[in-house]
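Enquirer: 3D, please:
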Amino acid sequence: MRSWYRFLFPVLVLVEGCSQEGAPPPSITSPPPREFRVGSSAPTYAVVRVFYATDRNLTLSANASERYGSERGGMDYGTCDVSIPRDHRLGELEAPSIWKLEFRKNPEKHVVLLEVARQEKAAYFSQLAARIGATRRRNAFIFVHGYNVTFEDAARRTAQMSYDLGFDGAPVFYSWPSQGTLAGYPVDESNIEWTQTHLQGFLNDVLSQTGATNLYLIAHSMGNRALTRAFASLLAEVPDGGRRIREVILAAPDIDADVFKRDIAPQIATADTLVTLYASAADKALLASKEFHGYPRAGDAGAGLILAPPIQTIDATAVDTSLLGHSYFAEDPSVLGDLFYLIREGKSADERFSLDPVDTASGRYWIFKK
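Expert: Residues are numbered from 1 along each chain as shown. Just a heads-up that it's a prediction; the model follows:
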């Protein structure tokens, strides 16, 4: 079943985009990615434009990958152009590999941050509103990255997800000042707490200034700490926020599990917004966080799997993962396929064909079909 599903998912992305009249599917980014040609050959890569908001410090570097640093700064806005190679594989974040004797970034082979264009706040929200307004359902998603992530890699990941999901809307990422290093975990913990107020203000601005009617929030790892708190505060301050934020996706949340169940889950589980939590017992990064803090994390599975209806919990332990098993939400075809139907069709876990329900005395959760 899994091998069949992995093969079929890229086809499903295209079929879902086809009109009833049988016209070709629209581009899987909106507006269409730019295609570049070498001579008369086929396009060698596409360029996906993503929007960003960040409270990282602005550097003086002319290099796009170093435009923002790892220190705290004021709020800044703009767009990034990111290359997706023609031979891109679903879920891959292609980068130079010494095993392939690749020592430089090449947009024909790699997902590369090509350009960063800063904008004044008013111009930024005007352009973001225009991009959202050009979509059929006035869609946007906002991705909040986790620990050990640079601005560059947050941009690359956002473009890859938008491309792989065939997202018809505006892809946006919020980048907080993660140190982008393994040793930076304690500093990242301080900065994710510091950034919460800025993130809440940004979410409020998106709701009030863009006309988005279908907003999807996606957080990974430590980024869930700021997103869940900001979302809870937003619900209290913006009465219709829950109706316009269609989905909140908590991927591998690095949050104290007891704190999540006691304080956070009751605040974010609303009748208007579907909240989905992806967890895994094979997530070595969260196992390390558990050792560091002394208590289980909300993204753990196994005996500590969080069941807090109406939050829908997906146990992703069985999916193929990377070495750390921490980025499955954007890398595994099965999880990407599940996100596709969650976001594109708003289907609950019981309606998504890739999942099987598991009923326990504590409630229901879902696993991926094998």
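
Enquirer: Okay, buried residues for the helix or strand harbouring residue 123 please.
Expert: Here residue 123, judged by DSSP states H and E, is contained in helix 121-133. In terms of neighbour count (16 or more other Cβ atoms under 10 Å), helix 121-133 has its buried residues at 124, 125, 127, 128, 129, 131, 132. In this view, the C-beta of every residue, glycine as well, is placed from N, C-alpha and C.

Enquirer: contacts for that helix?
Expert: The contact list for helix 121-133 (Cβ atoms under 8 Å, 6 or more residues apart in numbering) reads 30-31, 51, 75, 77-79, 119, 138-140, 169-170, 172, 205-206, 209-212.

Enquirer: switch the cut-off to 7 Å
Expert: 51, 77-78, 119, 138-140, 169-170, 205, 209-212 (Cβ atoms under 7 Å, 6 or more residues apart in numbering).

Enquirer: out of the residues you listed, what pair is the most spread apart?
Expert: Greatest spacing in these, by Cβ to Cβ: 78 and 138 (21.6 Å).

Enquirer: now the helices: where do they sit in the stretch 101-250 of the chain?
Expert: Remark: helices assigned in the stretch 101-250 of the chain by DSSP state H, counting those that start in this stretch are 121-133, 151-165, 185-209, 223-237, 241-244.

Enquirer: Quick one: list the elements packing against the last one.
Expert: Of the remaining helices and strands, those touching helix 241-244 by 3 or more Cβ pairs under 7 Å, 6 or more residues apart in numbering; DSSP states H and E are helix 223-237.

Enquirer: Dump the helix it packs on to PDB, restricted to CA.
Expert: The C-alpha coordinates for helix 223-237 follow below in PDB (Å, rounded to 0.1, in the frame of the first residue of the first chain):
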ATOM      1  CA  GLY A 223       8.400  26.900  16.300                       C
ATOM      2  CA  ASN A 224       5.200  25.400  17.800                       C
ATOM      3  CA  ARG A 225       5.900  27.100  21.100                       C
ATOM      4  CA  ALA A 226       5.500  30.500  19.600                       C
ATOM      5  CA  LEU A 227       2.700  29.600  17.200                       C
ATOM      6  CA  THR A 228       0.400  27.900  19.700                       C
ATOM      7  CA  ARG A 229       0.700  30.700  22.200                       C
ATOM      8  CA  ALA A 230       0.200  33.400  19.500                       C
ATOM      9  CA  PHE A 231      -2.700  31.500  18.100                       C
ATOM     10  CA  ALA A 232      -4.400  31.200  21.500                       C
ATOM     11  CA  SER A 233      -4.000  34.900  22.100                       C
ATOM     12  CA  LEU A 234      -5.200  35.800  18.700                       C
ATOM     13  CA  LEU A 235      -8.400  33.800  19.200                       C
ATOM     14  CA  ALA A 236      -9.100  35.900  22.300                       C
ATOM     15  CA  GLU A 237      -8.500  39.200  20.500                       C
END
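
Enquirer: Okay, angle between it and helix 151-165 too, please.
Expert: Angle of helix 223-237 versus helix 151-165, following axes from the mean of the first three to the mean of the last three Cα atoms, to 10 degrees, is 70 degrees.

Enquirer: Buried residues of helix 223-237, list them for me.
Expert: By neighbour count on 16+ other Cβ under 10 Å, the buried set for helix 223-237 is 223-235.

Enquirer: just to revisit the earlier point, give the rounded mean pLDDT of the helix holding residue 123.
Expert: Mean per-residue pLDDT for helix 121-133: 97.

Enquirer: can you check stretch 66-85 too?
Expert: In the prediction, stretch 66-85 has an average pLDDT of 97.

Enquirer: any idea how far it is from the chain center?
Expert: In terms of Cα atoms, centre = their mean, to the nearest Å, the centre of stretch 66-85 is set 16 Å apart from its chain centre.

Enquirer: do stretch 257-267 as well
Expert: Relative to its parent chain, stretch 257-267 has a centroid offset of 22 Å by Cα atoms, centre = their mean.

Enquirer: would you turn the buried residues of helix 223-237 into JSON lines with distance to residue 278?
Expert: As requested, the buried residues of helix 223-237 are arranged in JSON lines below (distance: Cβ to Cβ, whole Å):
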{"residue": "223", "distance to residue 278": "13"}
{"residue": "224", "distance to residue 278": "10"}
{"residue": "225", "distance to residue 278": "16"}
{"residue": "226", "distance to residue 278": "18"}
{"residue": "227", "distance to residue 278": "14"}
{"residue": "228", "distance to residue 278": "14"}
{"residue": "229", "distance to residue 278": "19"}
{"residue": "230", "distance to residue 278": "19"}
{"residue": "231", "distance to residue 278": "17"}
{"residue": "232", "distance to residue 278": "19"}
{"residue": "233", "distance to residue 278": "23"}
{"residue": "234", "distance to residue 278": "22"}
{"residue": "235", "distance to residue 278": "22"}
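
Enquirer: Compile those into TSV and extend it with columns for distance to residue 62 and pLDDT.
Expert: What follows is the buried residues of helix 223-237, written out as TSV (distance: Cβ to Cβ, whole Å; pLDDT from 0 to 100):
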residue	distance to residue 62	pLDDT
223	28	97
224	34	97
225	33	97
226	30	98
227	32	97
228	37	97
229	36	96
230	33	95
231	36	94
232	40	92
233	38	92
234	37	90
235	42	86
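
Enquirer: Fine by me, we can end here.
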